[in-house]
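> how would this look folded up:
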Amino acid sequence: MMHSGYIWGLLLFLSLTSGWVKAQQSNYTRPVFHCGGDLVTDSGFVGSEGFPSVYKPNSKCTWRITVPEGNVVTLSFRIFDLEADSQCRYDYLDVYNGHSNLVQKLGRFCGTFRPGALISTTNTMMLEMATDGETQSRGFVAYFSGTKPYVNDEQSCGGKMTKSQGEIKTPNWPEKKYPPGTSCSWLITVEPDMVIQVNFDKFVLEADSYCRFDYVAFFNGGEKDDSRLIGRYCGDQLPLPVLSSGNVLLVQFVSDLSVTSDGFLARYTSIPRGSQSATHPGVPAQPLIPTTTKIQPPPLKPTERPRPVKPTRSRGQGTTSQDRRVTVPRPNGKRPVAQNPLCAKACKRDGTIKTSFCSSEFVITGKVSSLSAGPRGTLLINISLIKAYKAGRLTITQVGETMAVKLVSQCKKCPLLRRGGSFIIMGQVDEEGRGTLQPGAFTAPYKAPHHKLLMNINNLPC
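This is a model prediction of the structure:
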């Protein structure tokens, strides 16, 4: 009896298992991802060609997402694995706020950092993925869905705002916490000769080092692709005022389906372009260094002389004009010595950290990601931001998982910066939004305890 009972039970188990497997096979089919396409549906998945196999080299794929009218597109990444580069030069994914690369670019991404949720302001979104001939990875998979902009009986969030001043706030403010799964977009437009300044009264969002879950993001620009990300904010630290570079500002608030918080209340005003009213322009969202440390900041020391850095060249390209160095001999056969009058004086800082902070248009801390020779003896510097204390008109872009800025030093060897090092950097901003460094500009090696010192200076009147 025991033996026949065992056999009968085993047959029953196999029968049930077989039925379950057949049911799974009939109800589930792994999606096949192609190189681009038009995705017109309420929701679905989008992924790199051939995922989960590695993506193809030397390819460019474009996906156009369209959800029903009256909805916005929410894009949430599930897996992300592209070739890593600090400037996303080789393999990258661009996400646009519409069906064209002439509209706002919501971000460029690469590496293995999974981006946070992205939303459009209409029912369309476009993804463009480009790869070079080397180093392929698994690619990406993301889930998109059409969601209604938040509206209830009492209030809505988002919309077009054309008044010279107004307020933006999270849904349910101030009675209760904002709801989960919310997306709101405000497009603020003021007079052409004005810029927009946003000041926060209250601010409490779910905290995350990279603001991937609940956040508010600010973009310069309007319908054209001049909308650069100013900053993405979360946590409970009140952001410094945000200042646009022009008369159009896009504000986006996103909450995921989990933790919610009190939210924020902010007010915007329009001020004349070039006005000095905004003393603390937008700060990009970065993992903040805790300010509770009791370690006293070490004294700031002059930067050490770096090792010579060879000019870098992009992969897949030949020698550039910056790589070629031609020396024209003098009639007497001696090699000419080019002198930059800016570099003639001794390399030393002008002023103290406090006076330099007040006199500089931008004050940042960051890691030097690259150094290369520029025109007329200048040095081009790319910085991965740690934190911005003043940004002014400095152009800040999102590169992969980090924020980045471009600097131009008028003298190659002064101030002294080395690739891979972290520094405090202060300077001015040119008409193209690049930071400029004169020989006397304030720079110093950056250590974590300096954050508290800079925050204290930032809170003092100049």
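> CA atoms for contacts and neighbours, from now on please.
Fine.
> Can you pull out the low-pLDDT segments for the chain?
By pLDDT under 70, the weakly predicted segments of the chain are 1-30, 149-156, 222-227, 275-342, 344-345, 398-402.
> Give me the neighbour count for residue 387.
Neighbourhood size, residue 387 [other C-alpha atoms under 10 Å]: 21.
> Which residues does it form beta bridges with?
residue 365 (DSSP bridges).
> from what I can see it touches residue 362, true?
No. With contact defined as C-alpha atoms under 8 Å, residue 387 does not count as touching residue 362 (11.2 Å).
> now the helices for this structure?
2-27, 353-359, 450-458 (DSSP state H).
> tell me what the shortest one is packed against?
For helix 353-359, the packing partners by 3 or more C-alpha pairs under 8 Å, 6 or more residues apart in numbering; DSSP states H and E come out as helix 450-458.
> tell me which strands and helices the helix it packs on is in contact with?
Secondary-structure packing of helix 450-458 (3+ C-alpha pairs under 8 Å, 6+ apart): helix 353-359, strand 379-390.
> try 10 Å
helix 353-359, strand 362-373, strand 379-390, strand 422-429 (3 or more C-alpha pairs under 10 Å, 6 or more residues apart in numbering; DSSP states H and E).
> Out of those, which gets nearest to residue 98?
Closest approach to residue 98 among those (C-alpha to C-alpha): strand 379-390, 28.1 Å.
> Would you mind listing the buried residues in the closest one?
Neighbour-count burial for strand 379-390 flags 379-390 (criterion: 16 or more other C-alpha atoms under 10 Å).
> quick one, it and helix 450-458 angle?
60 degrees (axes from the mean of the first three to the mean of the last three C-alpha atoms, to 10 degrees).
> distance between strand 379-390 and the chain's centre?
Chain-centre distance of strand 379-390: 13 Å, with C-alpha atoms, centre = their mean, to the nearest Å.
> what are the C-alpha coordinates of that strand, in CSV please?
Provided in CSV are the C-alpha atoms of strand 379-390 (Å, rounded to 0.1, in the frame of the first residue of the first chain):
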residue,chain,number,x,y,z
LEU,A,379,44.0,74.1,-20.7
LEU,A,380,40.6,72.5,-21.0
ILE,A,381,39.4,70.8,-17.8
ASN,A,382,36.4,68.5,-17.3
ILE,A,383,35.1,68.2,-13.7
SER,A,384,32.8,65.6,-12.2
LEU,A,385,31.0,67.6,-9.5
ILE,A,386,30.9,66.7,-5.9
LYS,A,387,28.9,69.8,-4.9
ALA,A,388,28.3,73.3,-6.2
TYR,A,389,28.1,76.1,-3.6
LYS,A,390,27.7,78.9,-6.2
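> by contact count, what packs against it?
Helices and strands touching strand 379-390, by 3+ C-alpha pairs under 10 Å, 6+ apart, are helix 353-359, strand 362-373, strand 397-399, strand 402-409, strand 422-429, strand 435-437, helix 450-458.
> Please tabulate those in CSV, including the columns distance to residue 198 and mean neighbour count.
Output for those, formatted as CSV (distance: least, C-alpha to C-alpha, whole Å; neighbours: other C-alpha atoms under 10 Å):
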stretch, distance to residue 198, mean neighbour count
helix 353-359, 21, 17
strand 362-373, 18, 22
strand 397-399, 19, 22
strand 402-409, 20, 22
strand 422-429, 21, 23
strand 435-437, 23, 23
helix 450-458, 18, 17
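> Could you count how many residues lie near residue 129?
24.
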